[in-house]
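J.: Below is the sequence, then the predicted model.
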Amino acid sequence: MGDLFDTVPDTGGGGAKGPRPLADRLRPQSLADVIGQDQVLGPEAPLGVMLSSGALSSIIFWGPPGVGKTTIARLLARETDLHFVQISAIFTGVADLKKVFEAARHRHANGQGTLLFVDEIHRFNKAQQDGFLPHMEDGTILLVGATTENPSFELNAALLSRAQVLVLKRLELSDLELLAQRAERELGKTLPLDGPAREALLEMADGDGRALLNLIEQVAAWKVDGKLTTDQLTTRLMRRAAKYDKSGDEHYNLISALHKSVRGSDPDAALYWFGRMLEGGEDPRFLARRITRMAVEDIGLADPQAQTVCLHAWETYERLGSPEGELALAQAVIYLALAPKSNAGYVAYKAARAQAKKSGSAPPPKHILNAPTQLMKDEGYGSGYAYDHDAADGFSGQNYFPEEMKRPVFYQPVERGFERELKKRVDWFANLRAKRGG
């Protein structure tokens, strides 16, 4: 649940003594010690500006695990003299929240503010989220929430309107290297790894600082002669080095290879790149989104079923999870690769948007406007409208574009798949329209 260096609160030296995890020993003592997140903590970044102006507001930290959400919240309380209280939405019920708010109210009455850190805040339901609002508004608490999910979808609009969302990013390899060096100083030894193996260890952490420190603690405890290679490292850890950076160039190279293999109707190549991304640790949900996009963009109405296949595969993955659900996504990739291809709908959409942008103030022709009032009828609204169902073939052929606009043609279906049938309909309507002067 916790983030980078998130441990039990400081006890002022009391309590039981015992071995302390490396992450605990390396916990930053000030915001200046936090590695990474300059986009949030820098002098001109949101938190830097808030602290320098003495006006800290409620915050929602959005980011993956192990990037410092809990650490930063704890240090914010320390640097603003606020009482730090940490809860988790997973283990906190309504009765617990009431106790937290009541204690904060007493502190507030005695002149002491409370920074309430809520881990996994998206797990609270709407009613529970609404329960924070009055206490935020009267200053009883300063809320700092942490979530790994998109706040736009998981948090109430009312809560979001009272808090600033700050995005924390996965730690870069350079950040992880700094963290590794800090760990080596604390341990009093260097890791027994050669250059490629050290880089592989950093990649295994996948941007998660806590994961890296856990790995370093394991490696540092080994009794080895010399330096381990990448193969020796991955064998000992029973996990493979990451094959590519999921946020870097290789990530985009592989998704491009997958997309173009599907577009090129090569199911074997498409499956290969799909497998490469999964082996590299890609989130199957990202792949589900991308293959659905392929169905819409590159297949379109040549096979309307393709989009449904992707959505069903996505839903199957959500129900089964990994690894079983990945088979459904693989089958969707095969289906897309073998489906007839057309981007006619995509091209038509872009052309229509461009035309709408160019002529956005042109009104619809009056004959297709409703006329609920007599004044509007007197102005000609609805006059001359031909009701298509009254025509023998269900087609009036009237003009539906602005009167001053020359009729454009956006959608031009191809002679492939289901669009063959749609092309017949387009041509049939065009001929009727021409005969009737529409």
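T.: It's in.

J.: domains of the protein?
T.: As given by automatic domain parsing, the domain ranges for the chain are 22-167, 173-237, 249-338, 361-436.

J.: Lowest average confidence across the ones you listed, which one?
T.: Note on the domains of the chain: domain 361-436 shows the lowest mean pLDDT, a mean of 87.

J.: so where do the strands sit in the stretch 151-300 of the chain?
T.: Along the stretch 151-300 of the chain, the stretches classed as strands by DSSP state E, counting those that start in this stretch are 164-167.

J.: Tell me which stretches of it form helices.
T.: Using DSSP state H, counting those that start in this stretch, the helices of the stretch 151-300 of the chain run over residues 151-154, 157-161, 173-187, 195-205, 209-220, 230-237, 249-263, 267-279, 284-294.

J.: Need the CA coordinates for the first one. PDB is fine.
T.: What follows is helix 151-154 as a C-alpha-only set of coordinates in PDB (Å, rounded to 0.1, in the frame of the first residue of the first chain):
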ATOM      1  CA  PRO A 151      -8.700  10.800 -10.400                       C
ATOM      2  CA  SER A 152     -11.000  12.100 -13.200                       C
ATOM      3  CA  PHE A 153     -12.800   8.700 -13.200                       C
ATOM      4  CA  GLU A 154     -12.400   7.600  -9.500                       C
END
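
J.: Next, the buried residues of it.
T.: The neighbour-count check on helix 151-154 (16 or more other CB atoms under 10 Å) flags 151, 154 as buried. For every residue, glycine as well, the C-beta is placed using N, CA and C.

J.: pull the longest helix from this protein.
T.: Longest helix in the chain by number of residues (criterion: DSSP state H): helix 419-436.

J.: list the buried ones in that one?
T.: Across helix 419-436, burial judged by 16+ other CB under 10 Å covers 419, 422, 423, 433.

J.: before we move on, back to that, please convert the domains of the chain to JSON lines, extending it with distance to residue 345.
T.: Below are these laid out as JSON lines (distance: least, CB to CB, whole Å):
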{"stretch": "domain 22-167", "distance to residue 345": "27"}
{"stretch": "domain 173-237", "distance to residue 345": "37"}
{"stretch": "domain 249-338", "distance to residue 345": "4"}
{"stretch": "domain 361-436", "distance to residue 345": "7"}
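
J.: could you measure the most centrally placed residue in the chain against residue 160, distance?
T.: Nearest residue to the geometric centre of the chain (CA atoms, centre = their mean): residue 150, 5.7 Å. Separation of residue 150 from residue 160 (CB to CB, to the nearest Å): 11 Å.

J.: now do residue 268
T.: Counting by CB to CB, the gap from residue 268 to residue 160 is 45 Å.

J.: neighbour count winner among those two?
T.: Each of residue 268 and residue 160 has its neighbours counted (other CB atoms under 10 Å); residue 160 has more, 16 against 9.

J.: Please name the residues that touch that one.
T.: For residue 160, the contacting residues are 60, 151, 152, by CB atoms under 8 Å, 6 or more residues apart in numbering.

J.: Tell me the secondary structure at the closest residue to residue 56 other than its chain neighbours.
T.: Spatial nearest neighbour of residue 56, chain neighbours left out: residue 50 (4.9 Å); criterion: CB to CB, 6 or more residues apart in numbering. The three-state label given to residue 50 by DSSP: H, G, I helix; E, B strand; the rest coil is helix.

J.: again, but for the one 10 residues further on
T.: Under three-state DSSP, residue 60 falls in the strand class.

J.: So for stretch 105-116, what gets flagged as buried?
T.: For stretch 105-116, a neighbour-count test (16+ other CB under 10 Å) marks 107, 108, 113, 114, 115, 116 as buried.

J.: now stretch 209-223
T.: Residues of stretch 209-223 classed as buried: 209, 210, 211, 212, 213, 214, 215, 216, 219, 220 (neighbour count, 16+ other CB under 10 Å).

J.: Now do the longest helix of the chain: distance to the chain's middle.
T.: Distance of helix 419-436 from the chain centroid (CA atoms, centre = their mean, to the nearest Å) equals 42 Å.

J.: tell me what it is packed against?
T.: On a contact count with 3 or more CB pairs under 8 Å, 6 or more residues apart in numbering; DSSP states H and E, helix 419-436 meets no helix or strand.

J.: Any chance you could give me that helix in PDB, C-alpha atoms only?
T.: Extracted in PDB, the C-alpha atoms of helix 419-436 (Å, rounded to 0.1, in the frame of the first residue of the first chain):
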ATOM      1  CA  GLU A 419     -18.100  -1.400 -46.800                       C
ATOM      2  CA  ARG A 420     -18.900  -2.900 -50.200                       C
ATOM      3  CA  GLU A 421     -22.500  -2.900 -49.000                       C
ATOM      4  CA  LEU A 422     -22.200   0.600 -47.600                       C
ATOM      5  CA  LYS A 423     -20.800   1.900 -50.800                       C
ATOM      6  CA  LYS A 424     -23.800   0.500 -52.700                       C
ATOM      7  CA  ARG A 425     -26.100   2.500 -50.300                       C
ATOM      8  CA  VAL A 426     -24.000   5.600 -50.600                       C
ATOM      9  CA  ASP A 427     -24.100   5.400 -54.400                       C
ATOM     10  CA  TRP A 428     -27.900   4.700 -54.400                       C
ATOM     11  CA  PHE A 429     -28.700   7.700 -52.200                       C
ATOM     12  CA  ALA A 430     -26.400   9.900 -54.300                       C
ATOM     13  CA  ASN A 431     -28.200   8.900 -57.500                       C
ATOM     14  CA  LEU A 432     -31.600   9.600 -55.900                       C
ATOM     15  CA  ARG A 433     -30.400  12.900 -54.600                       C
ATOM     16  CA  ALA A 434     -29.200  13.900 -58.000                       C
ATOM     17  CA  LYS A 435     -32.500  13.000 -59.700                       C
ATOM     18  CA  ARG A 436     -34.500  15.000 -57.100                       C
END
